[in-house]
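Student: Build me a model from this:
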Amino acid sequence: MWVNAREVPRFYPNAVTLAHDDASIAEQLSNIEILLKSNLPGRWAVKDSFQALDLARRGFDVLQEASWLRSVMPTGSSATDIDWQRETEGKAAWPYHDPNFAMFTGRRGFRVVAGGMLYRAGGVVGLSNVVAEAADAVAVWRSLILLASRTFPRLPVVGYESGGELAAALDAGFEIGDPLRIWVRARE
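Tutor: Residues are numbered from 1 along each chain as shown. As a prediction, the model looks like this:
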């Protein structure tokens, strides 16, 4: 289990499960009990990466149920009129440099209509923060798969989604993986 016992930015978890065998689950629940006794104010979130924990009895509510996604090879073209641009170091939008990170924005004219973030780690490329209007969603996911393959060649792309975003990702060529759950708990 990865744990941050301090305040985290909005939409980020304080803990992420990394295994789901019986011994790991028992240790994770014990760690969560210890963390809940800390004096951290505000909201706590746990990303249950394998949907293996029951945190309802510990005062948590389910924020989101989702599924992991995986795409190995890009398929076809994105077939869109969206112009993609990698946001680069020195721009106000993302003023730091990390060779494992890439943020892309998609525009029609001067208007930003889509986007996504890529991060290379552990032999995969994580895709997150996908933004797309419903009519463009499948093409945006396809474009991001192609951008990932060009930016970080020969690595599978992974992420997680739910609802309409999950459907768009699957239509774009992603394979569905295991379920996951995000739990939240308001602190007293």
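Student: mind checking the SS state of the closest residue to Pro179 other than its chain neighbours?
Tutor: Nearest non-adjacent residue to Pro179, counting by C-beta to C-beta, 6 or more residues apart in numbering: Gln51, 4.3 Å away. (Glycine included, C-beta is placed from N, CA and C.) Taken by DSSP: H, G, I helix; E, B strand; the rest coil, the conformation at Gln51 corresponds to coil.
Student: Looks like Gln51 contacts Trp183 (just checking).
Tutor: No. Under the criterion of C-beta atoms under 8 Å, Gln51 makes no contact with Trp183, lying 10.2 Å away.
Student: Tell me which stretches of the chain form helices.
Tutor: Using DSSP state H, the helices of the chain run over residues 22-36, 137-151, 163-171.
Student: quick one: the shortest one to helix 137-151, angle?
Tutor: Interaxial angle, helix 163-171 versus helix 137-151 (axes from the mean of the first three to the mean of the last three C-alpha atoms, to 10 degrees): 60 degrees.
Student: Show me what counts as buried in helix 163-171.
Tutor: Residues of helix 163-171 classed as buried by neighbour count (16 or more other C-beta atoms under 10 Å): Glu165, Leu166, Ala168, Ala169, Leu170.
Student: Ok, the first one next?
Tutor: By neighbour count, and taking 16+ other C-beta under 10 Å as the criterion, the buried residues in helix 22-36 are Ile25, Gln28, Asn31, Ile32, Leu35.
Student: What does the pLDDT read for the second one?
Tutor: Confidence at Gln28, expressed as pLDDT, is 89.
Student: Which residues are in contact with it?
Tutor: By C-beta atoms under 8 Å, 6 or more residues apart in numbering, the contact list for Gln28 reads Met1, Ala15, Thr17, Leu53.
Student: before we move on, what about the third one?
Tutor: Listed by C-beta under 8 Å, 6+ apart, the contact set of Asn31 reads Met1, Val3, Ala15.
Student: hang on, the earlier thing: residues in contact with the residue nearest to Pro179?
Tutor: Glu65, Asp178, Pro179, Leu180, Arg181.
Student: Quick check: nearest residue in space to the first one, chain neighbours excluded?
Tutor: The one in question is Glu65. Arg181 is the one closest to Glu65 (C-beta to C-beta, 6+ apart), at 5.2 Å.
Student: Next: the second one.
Tutor: With sequence-adjacent residues excluded and distances taken as C-beta to C-beta, 6+ apart, Asp178 is closest to Trp68, at 5.3 Å.
Student: For the residue nearest the centre of the chain, name its beta-bridge partners.
Tutor: In the chain, the residue lying closest to the centroid (C-alpha atoms, centre = their mean) is Ser128, at 4.1 Å. For Ser128, the beta-bridge partners under DSSP bridges are Met117.
Student: returning to that earlier point: per-residue pLDDT, the residue nearest to Asp178?
Tutor: Reported pLDDT for Trp68: 96.
Student: Top of the contacts of Asn31 by number of neighbours, please.
Tutor: Using other C-beta atoms under 10 Å as the neighbour criterion, Ala15 leads these with 22 neighbours.
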